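Here is my input, please return the structure:
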Amino acid sequence: MRTALRHIPFGMVFLLLVGCHSVRHAEAPTGPHFRVLTYNVNWGMPRPDLAAEIIRNSDAEIICLQETTPEWEAYLGAALSREYSYMEFRESRGRMGGGLGFLSKAAQTEVAYIRSDTGWFDGWIRKFETPIGPVQVLNVHLHPPVGKRGGWTLGGYLFTGKDRLSEMQRFYPALKPGIPTLVVGDFNDTQNCAAIKWLKRQGMTNALPQFDRHSDTWEWQAGPIKLHRRMDHVLYSPELNCCAAQVIHAGASDHFPVAATFELKRR
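Next up is the predicted model:
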C-alpha cells in the first residue's frame with residue numbers, strides 16, 4: 001500500500017483518506033420550499049437589536065427561539081411585527097430563561113405543550129402553513145449539563161445525558177403522525193448525544209452535519225479559556241429533503257443561530 005501511494009498525487013491521497021467525511025453542497029430548491037431558523041437568544045438580552053437583525057435578514061418563514069423572557073417577547077413584538085405576523089411565547093414554569101418562542105410569516109396553530117419530566121425546560125409543538133403545506137415543529141431546550149442545584153459541575157457535564165434523552169422521549173410522542181416534522185433547538189449536547197441517536201432511530205435526520213461537520217454553535221469565555229461546542233440542532237422527518245443548513249456566526253448571544261432550508265422529498 002505504501003509503495004502504491006508514492007505514485008498517487010498528494011491531493012488524491014488526501015481525498016481517498018477523508019472522502020468518507022465529505023459534506024454535501026447546498027442545493028437550490030427546485031419548487032416550493034421553506035426556511036427555518038433556531039436561535040437561543042440568551043435570557044439576559046445581550047444586544048437584542050442584533051438578534052432582531054439576524055432574524056429579519058434570515059429570510060426564514062419559521063423562527064424557533066429558546067431562552068425567551070417577557071422582555072424578549074415585548075422587544076421582538078415591536079421590532080419584527082412587520083416581518084412576522086404570527087408570534088407565540090411560553091415560559092417554562094419556575095425556570096428563569098426557560099421560555100420558548102415561535103415567529104412565523106404564515107398561520108400557526110397549537111399541537112401540544114409538554115412539561116419536562118426533569119424539572120427543567122418544557123417542549124412545545126406548533127403546526128405551520130408553509131409553501132410545501134402543513135409542517136409541525138417541536139421546539140426544545142433540553143436539560144443543561146449542570147448539577148442538581150444548577151451549578152456547572154463535572155458530574156452535571158458527564159452524567160445528564162440521560163435527562164436530555166428522557167425529555168426527548170417525553171416530548172416526541174406528542175407529535176402528530178403523517179405530517180412533515182422538524183425537531184429543533186438547544187439540545188445542550190453534541191450531535192452524537194443519546195437524544196439525537198434516539199431521534200435517528202425514529203427516522204429523523206440531522207441537517208447540519210450534512211453540510212458542515214465542524215462549526216460550533218455555542219461559545220462561552222470562562223476566564224482565560226473559551227469553551228465551545230455544537231449544541232443547537234435541526235432534525236427532520238423522511239418526507240423532507242434538506243437543501244441547505246448553516247451556522248450563522250453573528251449576534252451577541254452565547255449561541256449562534258442555525259438555519260436550514262427544506263422542500264418535499266422528490267418521489
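
C-alpha from now on. contacts and neighbour counts both.
Fine.

what are the ranges of the strands in the stretch 151-267 of the chain?
181-186, 205-206, 218-222, 225-229, 232-236, 240-247, 258-264 (DSSP state E, counting those that start in this stretch).

Which neighbours in the sheet does the shortest one have, and how are they oriented?
Read that as strand 205-206. With DSSP bridges as the test, strand 205-206 is paired with strand 232-236 (antiparallel).

Same question for the fourth one.
Within its sheet, and counting by DSSP bridges, strand 225-229 is paired with strand 218-222 (antiparallel).

For the strand it pairs with, list every residue counted as buried.
218-219 (16 or more other CA atoms under 10 Å).

Just give me how far that strand sits from the chain centre.
Relative to the centre of its chain, strand 218-222 is centred 18 Å away, using CA atoms, centre = their mean, to the nearest Å.

for stretch 206-214, same thing?
The answer for stretch 206-214 is 12 Å, by CA atoms, centre = their mean.

Can you give the contact residues for that stretch?
Stretch 206-214 is contacted from outside by 23-26, 191, 196, 200, 233-236, 242, 244-246, 260, using CA atoms under 8 Å, 6 or more residues apart in numbering.

next one: stretch 170-182
In contact with stretch 170-182 (CA under 8 Å, 6+ apart) are residues 111-112, 114, 116-117, 123-125, 134-138, 234-240.

Of the contacts of stretch 206-214, which is the nearest to Lys226?
Using CA to CA, Gln191 is the member of these that sits closest to Lys226, with 20.0 Å.

wait, isn't the closest one in contact with Val234?
No. Gln191 lies out of contact with Val234 (CA atoms under 8 Å); the separation is 10.1 Å.

which of the two has more neighbours?
Set Gln191 next to Val234 and count neighbours by other CA atoms under 10 Å: Val234 wins out with 26 against 19.

which residue packs closest to the more buried one, ignoring adjacent ones?
Val184 (4.5 Å; CA to CA, 6 or more residues apart in numbering).

Read off the pLDDT value for that neighbour.
Here the pLDDT value assigned to Val184 is 99.

Gly97 now?
What the model reports as pLDDT for Gly97 is 76.

residues contacting it?
42-43, 67-69, 91.

try it again with 10 Å
Gly97 is in contact with 41-44, 66-70, 91, 121, counting by CA atoms under 10 Å, 6 or more residues apart in numbering.

Could you pick out the buried ones from those residues?
41-43, 66-69, 91, 121.

Now the element after the strand or helix carrying Glu67, going C-ward?
Secondary structure from DSSP states H and E places Glu67 in strand 62-68. Using DSSP H and E, the next helix or strand after strand 62-68 towards the C-terminus is helix 70-79.

Counting by contacts, list what that next one packs against.
Under the contact definition 3 or more CA pairs under 10 Å, 6 or more residues apart in numbering; DSSP states H and E, helix 70-79 sits against helix 48-57, strand 86-90, strand 99-104.

one step back: dump the buried ones among the contacts of Gly97 into JSON lines; add pLDDT and distance to Ser104 as well.
Below are the buried ones among the contacts of Gly97 laid out as JSON lines (pLDDT from 0 to 100; distance: CA to CA, whole Å):
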{"residue": "Val41", "pLDDT": "98", "distance to Ser104": "17"}
{"residue": "Asn42", "pLDDT": "97", "distance to Ser104": "20"}
{"residue": "Trp43", "pLDDT": "95", "distance to Ser104": "21"}
{"residue": "Gln66", "pLDDT": "98", "distance to Ser104": "15"}
{"residue": "Glu67", "pLDDT": "97", "distance to Ser104": "18"}
{"residue": "Thr68", "pLDDT": "97", "distance to Ser104": "16"}
{"residue": "Thr69", "pLDDT": "95", "distance to Ser104": "18"}
{"residue": "Glu91", "pLDDT": "90", "distance to Ser104": "18"}
{"residue": "Phe121", "pLDDT": "94", "distance to Ser104": "22"}
